[in-house]
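Colleague: got a predicted model here, sequence first, then my questions.
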Amino acid sequence: MRRTLASLSMIAALLASATPGRAADYTIDLTHSHILFTIDHLGFAKIVGLFSDFSGSISFDANSAPSSKLNVTIKTDSLQTQFAPRDKDLKGADWFNSTEFPEITYVGTEFVKKDDHTGTVTGKLTLHGVTKPVTLNVVVNKVGQNPLDKIDSAGFSARGTLKRSDFGMKTYLGAIGDDVDLIIEIEAKKKS
(Lines give C-alpha, C1' and ligand atoms only; values in the text may rest on other atoms or scores of the structure.)
Protein backbone atom coordinates (compact mmCIF):
# COMPACT_ATOMS: atom_id res chain seq x y z
CA MET A 1 0.00 0.00 0.00
CA ARG A 2 2.83 2.37 0.87
CA ARG A 3 4.50 1.61 -2.47
CA THR A 4 1.27 2.33 -4.31
CA LEU A 5 0.83 5.66 -2.51
CA ALA A 6 4.48 6.54 -3.12
CA SER A 7 4.12 5.65 -6.81
CA LEU A 8 0.96 7.74 -7.13
CA SER A 9 2.68 10.69 -5.42
CA MET A 10 5.64 10.38 -7.80
CA ILE A 11 3.37 10.25 -10.87
CA ALA A 12 1.43 13.30 -9.64
CA ALA A 13 4.69 15.21 -9.10
CA LEU A 14 5.92 14.29 -12.59
CA LEU A 15 2.64 15.35 -14.18
CA ALA A 16 2.72 18.65 -12.31
CA SER A 17 6.27 19.37 -13.44
CA ALA A 18 5.39 18.44 -17.04
CA THR A 19 2.55 20.96 -17.16
CA PRO A 20 3.74 24.03 -19.07
CA GLY A 21 4.08 27.23 -17.04
CA ARG A 22 1.63 30.04 -17.55
CA ALA A 23 3.00 33.37 -18.68
CA ALA A 24 2.53 36.18 -16.14
CA ASP A 25 0.65 39.25 -17.38
CA TYR A 26 2.23 42.69 -16.99
CA THR A 27 1.22 46.26 -17.80
CA ILE A 28 3.88 48.72 -18.97
CA ASP A 29 4.79 51.26 -16.28
CA LEU A 30 4.97 54.50 -18.26
CA THR A 31 6.83 56.38 -15.51
CA HIS A 32 9.82 54.01 -15.80
CA SER A 33 9.73 53.16 -19.50
CA HIS A 34 11.09 54.87 -22.61
CA ILE A 35 10.79 54.45 -26.38
CA LEU A 36 13.48 56.36 -28.26
CA PHE A 37 14.93 56.42 -31.74
CA THR A 38 18.00 57.86 -33.41
CA ILE A 39 18.48 58.80 -37.06
CA ASP A 40 21.43 60.22 -38.98
CA HIS A 41 21.28 63.95 -39.77
CA LEU A 42 23.46 64.91 -42.76
CA GLY A 43 26.24 62.67 -41.49
CA PHE A 44 27.06 65.12 -38.70
CA ALA A 45 25.11 63.70 -35.78
CA LYS A 46 22.27 61.45 -34.79
CA ILE A 47 19.00 63.13 -33.90
CA VAL A 48 17.38 61.59 -30.84
CA GLY A 49 13.60 61.39 -30.62
CA LEU A 50 11.21 59.87 -28.14
CA PHE A 51 7.56 59.09 -27.71
CA SER A 52 6.15 60.14 -24.34
CA ASP A 53 2.68 58.59 -24.61
CA PHE A 54 2.41 54.84 -25.05
CA SER A 55 0.84 51.86 -23.36
CA GLY A 56 0.91 48.13 -23.60
CA SER A 57 0.81 44.71 -22.08
CA ILE A 58 3.30 41.88 -21.83
CA SER A 59 2.82 38.22 -21.00
CA PHE A 60 6.12 36.65 -20.02
CA ASP A 61 7.29 33.23 -18.89
CA ALA A 62 11.08 32.99 -18.55
CA ASN A 63 10.91 29.22 -19.03
CA SER A 64 8.70 29.28 -22.11
CA ALA A 65 9.51 32.15 -24.47
CA PRO A 66 7.04 31.03 -27.19
CA SER A 67 4.11 31.51 -24.78
CA SER A 68 4.97 35.20 -24.37
CA LYS A 69 2.85 38.03 -25.77
CA LEU A 70 3.49 41.71 -26.44
CA ASN A 71 1.16 44.51 -27.52
CA VAL A 72 2.25 48.17 -27.57
CA THR A 73 0.42 51.27 -28.80
CA ILE A 74 2.28 54.57 -29.25
CA LYS A 75 0.55 57.93 -29.72
CA THR A 76 2.30 59.47 -32.74
CA ASP A 77 1.54 63.02 -31.60
CA SER A 78 3.66 62.46 -28.47
CA LEU A 79 6.89 62.60 -30.53
CA GLN A 80 9.57 64.92 -29.10
CA THR A 81 13.08 65.82 -30.29
CA GLN A 82 13.77 68.82 -27.99
CA PHE A 83 13.16 71.29 -30.84
CA ALA A 84 9.53 72.39 -31.26
CA PRO A 85 9.71 73.45 -34.96
CA ARG A 86 11.21 70.07 -35.91
CA ASP A 87 8.63 68.24 -33.79
CA LYS A 88 5.83 70.05 -35.62
CA ASP A 89 7.41 69.17 -38.99
CA LEU A 90 7.90 65.49 -38.02
CA LYS A 91 4.25 65.21 -36.96
CA GLY A 92 3.19 66.64 -40.34
CA ALA A 93 2.19 64.96 -43.61
CA ASP A 94 5.78 64.58 -44.92
CA TRP A 95 6.86 62.44 -41.99
CA PHE A 96 4.74 60.67 -39.33
CA ASN A 97 1.48 62.34 -40.40
CA SER A 98 0.04 62.10 -36.89
CA THR A 99 -3.36 63.41 -38.03
CA GLU A 100 -3.94 60.53 -40.45
CA PHE A 101 -1.95 57.95 -38.47
CA PRO A 102 -2.43 58.79 -34.78
CA GLU A 103 -1.05 55.48 -33.51
CA ILE A 104 1.93 53.21 -34.04
CA THR A 105 1.42 49.62 -32.94
CA TYR A 106 3.73 46.69 -32.33
CA VAL A 107 2.39 43.17 -31.79
CA GLY A 108 4.85 40.40 -30.97
CA THR A 109 4.49 37.29 -33.12
CA GLU A 110 7.62 35.24 -32.36
CA PHE A 111 9.65 35.03 -29.15
CA VAL A 112 13.01 33.23 -29.13
CA LYS A 113 15.09 32.63 -25.99
CA LYS A 114 18.87 32.65 -26.53
CA ASP A 115 19.93 32.21 -22.90
CA ASP A 116 18.63 33.10 -19.42
CA HIS A 117 18.81 36.86 -20.11
CA THR A 118 18.68 37.40 -23.87
CA GLY A 119 16.47 36.65 -26.82
CA THR A 120 14.62 38.15 -29.75
CA VAL A 121 11.09 39.33 -30.37
CA THR A 122 9.79 39.57 -33.90
CA GLY A 123 6.57 41.46 -34.32
CA LYS A 124 4.32 43.33 -36.69
CA LEU A 125 5.05 47.06 -36.59
CA THR A 126 2.34 49.28 -38.04
CA LEU A 127 3.75 52.72 -38.78
CA HIS A 128 2.46 55.34 -41.21
CA GLY A 129 -0.26 52.94 -42.33
CA VAL A 130 2.20 50.19 -43.31
CA THR A 131 2.71 46.90 -41.43
CA LYS A 132 6.08 45.15 -41.61
CA PRO A 133 7.98 42.67 -39.42
CA VAL A 134 10.60 44.14 -37.10
CA THR A 135 12.92 42.07 -34.90
CA LEU A 136 14.21 43.38 -31.58
CA ASN A 137 17.14 42.05 -29.57
CA VAL A 138 15.92 41.82 -25.98
CA VAL A 139 17.68 41.64 -22.63
CA VAL A 140 15.67 40.53 -19.60
CA ASN A 141 17.09 42.84 -16.95
CA LYS A 142 15.23 41.57 -13.92
CA VAL A 143 12.06 39.79 -12.88
CA GLY A 144 11.03 40.00 -9.24
CA GLN A 145 9.40 42.05 -6.54
CA ASN A 146 9.94 45.80 -6.64
CA PRO A 147 11.36 46.63 -3.18
CA LEU A 148 9.55 49.99 -3.06
CA ASP A 149 5.95 49.12 -3.88
CA LYS A 150 6.18 45.32 -3.31
CA ILE A 151 4.61 44.64 -6.75
CA ASP A 152 6.07 41.86 -8.89
CA SER A 153 7.75 43.55 -11.84
CA ALA A 154 9.79 42.81 -14.93
CA GLY A 155 12.33 44.93 -16.78
CA PHE A 156 13.48 44.64 -20.40
CA SER A 157 15.89 46.45 -22.71
CA ALA A 158 15.38 46.12 -26.46
CA ARG A 159 17.28 47.33 -29.51
CA GLY A 160 16.47 47.12 -33.19
CA THR A 161 16.73 48.88 -36.54
CA LEU A 162 14.19 49.58 -39.24
CA LYS A 163 14.26 51.36 -42.59
CA ARG A 164 11.84 54.28 -42.62
CA SER A 165 11.48 53.97 -46.40
CA ASP A 166 9.91 50.52 -45.85
CA PHE A 167 7.07 52.35 -44.13
CA GLY A 168 6.63 54.99 -46.84
CA MET A 169 8.59 57.72 -45.03
CA LYS A 170 10.93 58.88 -47.80
CA THR A 171 11.30 62.62 -47.17
CA TYR A 172 14.92 63.79 -47.61
CA LEU A 173 16.29 60.28 -48.13
CA GLY A 174 20.03 60.59 -48.66
CA ALA A 175 20.36 63.68 -46.49
CA ILE A 176 18.47 62.19 -43.55
CA GLY A 177 19.25 58.55 -42.81
CA ASP A 178 17.03 55.67 -43.83
CA ASP A 179 18.06 53.46 -40.89
CA VAL A 180 16.24 54.24 -37.65
CA ASP A 181 17.77 52.75 -34.51
CA LEU A 182 15.32 51.88 -31.75
CA ILE A 183 16.18 52.09 -28.05
CA ILE A 184 13.50 50.69 -25.75
CA GLU A 185 13.58 50.44 -21.97
CA ILE A 186 10.53 48.87 -20.35
CA GLU A 187 9.55 48.31 -16.74
CA ALA A 188 6.25 46.50 -16.27
CA LYS A 189 4.05 45.73 -13.28
CA LYS A 190 2.41 42.35 -12.83
CA LYS A 191 -1.36 42.46 -13.10
CA SER A 192 -3.12 41.32 -9.93
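Modeller: That came through fine.

Colleague: please give me every residue in contact with the closest residue to Ser68 other than its chain neighbours.
Modeller: Closest residue to Ser68 apart from its sequence neighbours, by C-beta to C-beta, 6 or more residues apart in numbering: Phe111 at 4.3 Å. Yep, even glycine has a C-beta here, placed from its N, CA and C like the rest. Applying C-beta atoms under 8 Å, 6 or more residues apart in numbering, one finds that Phe111 lies in contact with Ala65, Pro66, Ser67, Ser68, Leu70, Gly119, Thr120, Val121.

Colleague: quick one: which of those residues is nearest to Phe167?
Modeller: Distance to Phe167 across the contacts of Phe111 (C-beta to C-beta) is lowest for Val121, with 18.4 Å.

Colleague: what's the burial count for that closest one?
Modeller: Other residues within reach of Val121, judged by other C-beta atoms under 10 Å, total 22.

Colleague: which intervals of the chain have sub-threshold pLDDT?
Modeller: Applying pLDDT under 70 to the predicted model, the residue ranges of the chain that meet it are 1-21.

Colleague: what about 90?
Modeller: Per-residue confidence for the chain (pLDDT under 90) gives these ranges: 1-23, 61-65, 116, 192.

Colleague: quick one, helices of it?
Modeller: In the chain, helices defined by DSSP state H lie at 2-18, 84-91, listed in chain order.

Colleague: most widely separated two among the contacts of Phe111?
Modeller: The two members of those with the most space between them (C-beta to C-beta) are Ser67 and Thr120, at 15.4 Å.

Colleague: okay, and the beta partners of the nearest residue to Ile58 once chain neighbours are set aside?
Modeller: Using C-beta to C-beta, 6+ apart and skipping the chain neighbours, the partner closest in space to Ile58 is Tyr26 (4.5 Å). According to DSSP bridges, the partner residues bridging Tyr26 are Ile58, Lys190.

Colleague: same question for Gly123.
Modeller: Note on Gly123: beta-bridge partners by DSSP bridges are Gly108, Val134.

Colleague: contact partners for it?
Modeller: With contacts taken as C-beta under 8 Å, 6+ apart, Gly123 has the following neighbours: Leu70, Tyr106, Val107, Gly108, Thr109, Glu110, Pro133, Val134, Thr135, Leu136.

Colleague: let's see 6 Å
Modeller: For Gly123, the contact set (C-beta atoms under 6 Å, 6 or more residues apart in numbering) comprises Tyr106, Val107, Gly108, Thr109.

Colleague: any idea how far the third one lies from Phe44?
Modeller: Spelled out, it's Gly108. For Gly108, the distance to Phe44 equals 35 Å [C-beta to C-beta, to the nearest Å].

Colleague: higher neighbour count, those two?
Modeller: A side-by-side neighbour count of Gly108 and Phe44, using other C-beta under 10 Å, places Gly108 first with 19 against 7.

Colleague: now that one: how far from Gly144?
Modeller: Using C-beta to C-beta, one gets 22 Å for the distance from Gly108 to Gly144.

Colleague: repeat for Lys75
Modeller: Relative to Gly144, Lys75 is positioned 30 Å away (criterion: C-beta to C-beta).
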